[in-house]
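> Sequence and predicted model, in that order:
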Amino acid sequence: MRLFQRLFAVLFTLLIPAALFAQSARTIFLGDLYLNDFEVGVVASKSNTNYSGGPMKIAGHFFERGVGVRAAVSSIFMDLDGKASRLSAYIGQDDGGIKGSEVRFYVIGDEKVLYESKPMHVGDVAEAIDLDLTHIQKLGLLVVNPVGILTNRTFGDWAEARIVTQADSIRPVYSKNAPYILTPPSSPNPKINGPVIIGATPGNPFLFTVAATGERPMTYSAQNLPAGLTLNGKTGIITGRVSTRGSYNVLLSAQDRRGKASRVLRIRIGDTLCLTPPMGWNGWNSWASGSSQEKVMASAGAMVSKGLLNHGWSYVNVDDTWEGKRGGKFNAIQPNEKFPDFAGMVRDLHAMGFKAGLYSTPWLATYGGYMGESSDREDGQLSDTVKNMRNKRPVHHIGKYHFNANDAAQWADWGIDFLKYDWPVKDVEPTREESEILRRSGRDIVFSLSNNADFEKAADWARLANSWRIGGDIRDTWHSLYYWGFLSDRWGPYAGPGHWNDPDMLVVGLTTMSSPLHPTRLTPDEQYTHISLWSLLAAPLLIGCPVERMDDFTLSLLTNDEVIDIDQDPLGKQARLISSADGKQIWAKPMEDGSVAVGLFNMGNFGNTPQSYFDWGTGRPERVSVDLARLGLRGSYKIRDVWRQKDLGVFDRDFGADVPYHGVLLVRMYRQ
């Protein structure tokens, strides 16, 4: 009996674990994952449909499950933890995409290409893949189109894609890099920050807040204010109206117990608003459709308490989903229940020193399905049919009846200062119509176009609007940062005082742009690159996170006045790409004082190999050098590290530094 028990124990030890191991292997369909967390490309992938939301079909064959991607560039990245055994799928271009395009599919495991497809076209029969993933830690699924991001309807399918694994789940890949703060603390001594020039229209309400750091309480004064303007000495808020056109140089002063700081503000009363790029906050990246008056005011209050207002962040903008029905004295869009006192909210924002913005569209309904500025009904309301088709294409057109003037009158009555006008920016006529209506509204309303403005009509956008989105919605990924920022050089000639290229809002801090509210997936180095590049591009700077939940690192990114000064430089020149080679880029921006702001970027060889589309955690610093003569600079120049606010020395030929992977060294060069 004892011998039998011992034999049974041995068999149990040898056989049962193997049986348990076999039983624990499970199949995970990629279409069942929350793909927003895994797609590190430019746009999110779709579960169990093609990218446009239709049925997944390759060469006439339908598939019920899988992942549909926009194949301009799609990069799905997952952490397998060495527990997966196989990947299988049918791959090919979806029949719903544009014919004549070409894509390639790649499977990359731990920086090795496990599979590369032949060039694939619409109509090609799906190719079956079945790959061994044994011991693979990180897996990347890549689909690329040689034409790039501008190919909107190139759809790729990972049909019936599944992974066999011993793990209970598959996780996204997250950066483990710790944040580090470069921005020195603000001095307790008074210092005036923000723009040095502002434009306004004769006779319209004027609002400007003196942005100053230093100890509180602080008092403010001004010399040579034009007639019609007054300064509140306790708050630093300048209000009133100026009736006479002209240029006025006003000496502003801010004083606390430690001393007094002064600086000239140039006020230009004429036809041009937005003489420097707008800076502020927009709620979409924070809350998306969950925004509310309470949440807007929470971030506004935090912009005061955390000191952002003191560095020139002056706009608080409400995005989509505030809209209710038409009504009121102007038969204009009224706020819904999420914004119970819109007029009161705007008054409170103005009293705090902020300008207020909102969102609209020339369509029947917004992207979120809320009331737009046109209608197919004479009374301007949304029909019941339209209400039941929110987020469907039939509501995304301009209706027979236009109510732009009604809405602009309401906005002027509320005191609105900024309009985000959202629809695919292809047609000049709706833009011209809205621009003229805003100019006649009796209030200075910055006119911002969104999204995907047509490059061929860039001169029209510069003539009619104050800013225009040069691409789609940004996401908190390196790919998105690269495509909407580093590929924007062609837009450079159209930027200038009063009209700015807009690569979209900032994705630092907490964001909803990839999934429910989460810390940005950009590494700390990528976040320094993000803010540096947007400043070099003279781009609008709109914070996208809930400010009340902002950590010290994010705050340090947004309160470096020497970086902000590059964005707000009154010369208004956008940086241009000087060189791009060997995985490195150099951008240079001329400044009004004759200095040059230069960004030295380590691109990590991005896009040059299939592996480079993913951050494997093995990226290294690279030496990035610039020949001063290449920048048109002759003689000796003092070079200053702008983030660290530290002089690096005097150079007369070339300058170089080791730059972190996906990072930047941002400098300013001064002639000696």
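Ah, there it is.

> I'd like the average pLDDT over stretch 235-243.
Computed over stretch 235-243, the mean pLDDT rounds to 98.

> what's the offset of it from the middle of its chain?
Stretch 235-243 has its C-alpha centroid displaced from the chain centroid by 32 Å (CA atoms, centre = their mean, to the nearest Å).

> start to end distance for that stretch?
24 Å (CA to CA, to the nearest Å).

> List the buried residues in it.
Neighbour counts over stretch 235-243 (16 or more other CB atoms under 10 Å) mark G236, I237, I238, R241, V242 as buried. Every residue, glycine included, has its C-beta placed from N, CA and C.

> Quick check: mean pLDDT of stretch 270-278?
pLDDT averaged over stretch 270-278 gives 98.

> What of stretch 442-458?
97.

> got it, and stretch 536-551?
Stretch 536-551 comes out at a mean pLDDT of 97.

> before we move on, what about stretch 287-301?
In this model, stretch 287-301 carries a mean pLDDT of 96.

> Extract the C-alpha set from it and format it as PDB.
Extracted in PDB, the C-alpha atoms of stretch 287-301 (Å, rounded to 0.1, in the frame of the first residue of the first chain):
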ATOM      1  CA  TRP A 287     -13.100  65.200 -20.000                       C
ATOM      2  CA  ALA A 288     -14.200  64.800 -23.600                       C
ATOM      3  CA  SER A 289     -18.000  64.600 -23.600                       C
ATOM      4  CA  GLY A 290     -18.000  64.500 -19.800                       C
ATOM      5  CA  SER A 291     -17.200  68.100 -19.500                       C
ATOM      6  CA  SER A 292     -19.300  70.400 -17.300                       C
ATOM      7  CA  GLN A 293     -19.400  73.900 -15.900                       C
ATOM      8  CA  GLU A 294     -18.100  72.600 -12.600                       C
ATOM      9  CA  LYS A 295     -15.200  70.900 -14.200                       C
ATOM     10  CA  VAL A 296     -14.300  73.900 -16.300                       C
ATOM     11  CA  MET A 297     -14.300  76.200 -13.300                       C
ATOM     12  CA  ALA A 298     -12.200  73.700 -11.300                       C
ATOM     13  CA  SER A 299      -9.400  73.900 -13.900                       C
ATOM     14  CA  ALA A 300      -9.800  77.700 -14.100                       C
ATOM     15  CA  GLY A 301      -9.400  78.000 -10.300                       C
END
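
> How far does it sit from its chain's centre?
Relative to its parent chain, stretch 287-301 has a centroid offset of 18 Å by CA atoms, centre = their mean.

> Over to stretch 278-288?
Computed by CA atoms, centre = their mean, the separation of stretch 278-288 from the middle of its chain amounts to 10 Å.

> Then stretch 251-259?
36 Å.

> Next, the buried residues of it.
By neighbour count on 16+ other CB under 10 Å, the buried set for stretch 251-259 is L252, S253, A254, Q255, D256.

> Does the last one touch Y220 like I think?
No: with contact defined as CB atoms under 8 Å, D256 does not count as touching Y220 (10.5 Å).

> which one of the buried residues of stretch 251-259 sits closest to D271?
Distances from D271 to the buried residues of stretch 251-259, taken as CB to CB, are shortest for L252 (24.2 Å).

> For that closest one, which residues are in contact?
L252 sits next to I192, V210, Y220, S221, A222, S262, R263, V264, L265 when contact means CB atoms under 8 Å, 6 or more residues apart in numbering.

> filter the residues you listed to the buried ones?
I192, V210, Y220, S221, A222, R263, L265.

> The second one - nearest residue in space that isn't next to it in sequence?
Distances taken as CB to CB, 6 or more residues apart in numbering place G236 nearest to V210, at 3.6 Å, with adjacent residues excluded.

> so when I look at I564, I'm seeing a helix, right?
Yes: counting by DSSP: H, G, I helix; E, B strand; the rest coil, I564 falls inside a helix.

> separation between it and G109?
Counting by CB to CB, to the nearest Å, the separation of I564 from G109 is 43 Å.

> can you check S186 too?
In this view, S186 and G109 are 47 Å apart by CB to CB.

> Just want to know which of the two has more residues nearby.
More neighbours surround G109 than the other of S186 and G109, with 21 against 16 (other CB atoms under 10 Å).

> And the more buried one, its phi and psi?
phi -120, psi 120 (degrees, to the nearest 10).

> and if you look at S187?
The phi/psi pair for S187 (degrees, to the nearest 10) is phi -70, psi 150.

> doesn't E215 make contact with it?
No: S187 lies out of contact with E215 (CB under 8 Å); the separation is 9.8 Å.

> Tell me which other helices or strands the strand or helix carrying P430 touches.
Using DSSP states H and E, P430 maps to helix 428-439. In terms of contacts (3 or more CB pairs under 8 Å, 6 or more residues apart in numbering; DSSP states H and E), helix 428-439 is packed against helix 404-414, strand 418-422, strand 446-450, helix 458-464.

> Which other helices and strands does the longest one contact?
In terms of contacts (3+ CB pairs under 8 Å, 6+ apart), helix 404-414 is packed against strand 332-335, helix 342-352, strand 355-360, helix 428-439.

> tell me the angle that helix makes with strand 418-422.
With axes from the mean of the first three to the mean of the last three CA atoms, to 10 degrees defining the directions, helix 404-414 sits at 150 degrees from strand 418-422.

> Report the buried residues of helix 404-414.
Taking 16+ other CB under 10 Å as the criterion, helix 404-414 shows N404, A405, N406, D407, A408, A409, Q410, W411, A412, D413, W414 as buried.

> which one of the buried residues of stretch 251-259 sits closest to L438?
Set against L438, the nearest of these by CB to CB is L252 (28.6 Å).

> Quick check: the gap between A25 and R86.
Applying CB to CB to A25 and R86 gives a distance of 10 Å.

> any common contacting residues for those two?
Shared contacts of A25 and R86, defined by CB under 8 Å, 6+ apart, comprise V164.

> hang on, the earlier thing: could you list every residue that touches the residue nearest to V210?
Applying CB under 8 Å, 6+ apart, the residues near G236 are T209, V210, A211, A212, M218, Y220, A254, G353.

> so G485 touches L533, yeah?
Yes: between G485 and L533 there is a contact under CB under 8 Å: 4.7 Å.

> Show the contacting residues for the closest residue to Q166 other than its chain neighbours.
Computed as CB to CB, 6+ apart, the closest residue to Q166 that is not its neighbour in sequence is K83, at 4.3 Å. Residues counted as contacts of K83 (CB under 8 Å, 6+ apart) are T165, Q166, A167.

> let's see it at 10 Å
When contacts are counted by CB atoms under 10 Å, 6 or more residues apart in numbering, K83 touches 24-25, 133-137, 163-168, 170.

> so what pLDDT did it get?
K83 is given a pLDDT of 97.

> how close does it get to D168?
Applying CB to CB to K83 and D168 gives a distance of 9 Å.

> on that earlier part again, dump the buried residues of stretch 251-259 to TSV, plus distance to Y34, secondary structure and pLDDT.
Supplementary listing: the buried residues of stretch 251-259 in TSV, determined by distance: CB to CB, whole Å; DSSP: H, G, I helix; E, B strand; the rest coil; pLDDT from 0 to 100:
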residue	distance to Y34	secondary structure	pLDDT
L252	50	strand	98
S253	54	strand	98
A254	49	strand	98
Q255	54	strand	98
D256	50	strand	96
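
> before we move on, back to that, just the helices and strands packed on helix 404-414: most buried one?
Among these, ranked by average contacts under mean count of other CB atoms under 10 Å, first place goes to strand 355-360 (a mean of 25).

> got the angle between it and strand 446-450?
40 degrees.

> In its sheet, which strands sit next to strand 355-360, and in what direction?
strand 315-317 (parallel), strand 418-422 (parallel) (DSSP bridges).

> after the shortest one, next one along is what?
Scanning forward in sequence from strand 315-317 by DSSP H and E, the next helix or strand is strand 323-327.
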